[in-house]
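Colleague: Any chance you can model this:
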Amino acid sequence: MKNLSIIIGTVAFLLLCGLAGRYISDHWLFFTFASFQIQGAAVAAGLAALAWLLHRNVVASLLVIAALAIGAHGYVMLGDFRHATPAPPPNWPTDLKLMSFNIRGDNSFENGGSIADAMIASGADVVMIQESAPLGPHIERIKQTYPYRLGCGAQTITCDQSLWSKTPLAAGEVKTASPIYRDRLLLAAIEIGGKRINFANVHTTKPYFDNLHAIELKRIGEEMTDFASRNPGPFVVAGDYNASILTPDIRRFVTQMKLMTAPHEPSTWPVEAPTVGMAIDHVFVSDPLRFKSLNKVPETMGSNHFGLVAEIWYQDLTITYPPD
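Modeller: Okay, here's the model as predicted:
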């Protein structure tokens, strides 16, 4: 039993080393572990507890404590960027509805039709799609509801990233932030309800591809800053980041761009295990925008991600809520 306890405890220790690496290094290797900080800490705590049950000793006890501490810190960090109260009253009107969805580029065209139907039925003012190829045969039908777009032939030769709007784009730009993939940053300024709002549709590489994830986020921030200098207005930033809000480079990006998350981010991956998954697809907003709600699209329609639908409120900072 003692030897088995040592083996299990060693596995727990190595897992904790991977999870704790973020506290001592910015190396990209630890960014992958960062996304799994809460789930990984739970596994490490379970392994350490099993090791302690097999052979009660101080080391196993310390491993349990360390795992619980790392997991608890991850849970606390989830709330670091939630927008401040007050929230709008429940009956307060929604100023903007947004849909964001990585539909999976090798998804079937039959599923592309279902996704097109879901876009049209969503009631969203703006739809941001990543890996848009399955929508190719359905563009003309989508255009009847969303006549204005970037991507899928609009300023691009690709049908990868796409942004669809019911109202005209006051400005629209297609950028390449990645050394690997082209045209995966779409920037648009759209006037909705008399208010001009900037949008960024983002799709980054996975964080374990060397330091490309951090490079892309840095470039995205620079492009957003440049775009905002010519198009003043708050930002809605959505897309597939392939990493959770716990990842250090995403936290740096959100901090530098002064963005906020919803009070709760739904898990979007893996779709096979949503209860233990993580939010790697995000919707962020900047002042004075606030979330009324952020929910998953109920069906994946062949994608390996859940989509997101956000209802967003434009807070008037000159008055208090709810109004007297």
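Colleague: can you list contacts of stretch 220-231?
Modeller: Stretch 220-231 is contacted from outside by 170-171, 173, 175, 177, 185, 187, 189, 196, 198, 200, 202, 204, 235, 237, 253, 256-257, using CB atoms under 8 Å, 6 or more residues apart in numbering. Yep, even glycine has a C-beta here, placed from its N, CA and C like the rest.
Colleague: same thing with stretch 55-73?
Modeller: Stretch 55-73 is contacted by residues 1-2, 4-6, 9, 12-13, 16, 19-20, 37-38, 41-42, 44-45, 48-49, 51-52 when judged by CB under 8 Å, 6+ apart.
Colleague: 7 Å instead?
Modeller: By CB atoms under 7 Å, 6 or more residues apart in numbering, the residues outside stretch 55-73 that reach it are 1-2, 5, 9, 12-13, 16, 19-20, 37-38, 41-42, 44-45, 48-49, 51-52.
Colleague: wait, P137 sits on F109?
Modeller: Yes - contact criterion CB atoms under 7 Å: P137 and F109 qualify, at 5.6 Å.
Colleague: Can you list the buried residues in the helix or strand of the chain with the lowest mean pLDDT?
Modeller: When the helices and strands of the chain are compared on mean pLDDT, DSSP states H and E, helix 28-35 comes out lowest with a mean of 75. The neighbour-count check on helix 28-35 (16 or more other CB atoms under 10 Å) flags W28, F30, F31, T32, F33, A34, S35 as buried.
Colleague: go on, stretch 129-141?
Modeller: So, applying 16+ other CB under 10 Å, buried residues of stretch 129-141: I129, Q130, E131, S132, A133, P134, L135, H138, I139.
Colleague: Check stretch 184-202 too.
Modeller: Neighbour-count burial for stretch 184-202 flags 184-190, 192, 197-202 (criterion: 16+ other CB under 10 Å).
Colleague: Most widely separated two among those?
Modeller: The most widely separated members of the buried residues of stretch 184-202, counting by CB to CB, are R184 and I192 (24.0 Å).
Colleague: Any stretches of the stretch 51-200 of the chain with poor pLDDT?
Modeller: Within the stretch 51-200 of the chain, the segments meeting pLDDT under 70 span 85-90.
Colleague: redo that, cut-off 90
Modeller: Scanning the stretch 51-200 of the chain for pLDDT under 90 picks out 51-60, 74-75, 77-80, 82-95, 105-110, 158, 178-181, 193-194.
Colleague: what about the strands in it?
Modeller: 96-102, 126-130, 148-150, 162-165, 169-175, 185-192, 195-203 (DSSP state E, counting those that start in this stretch).
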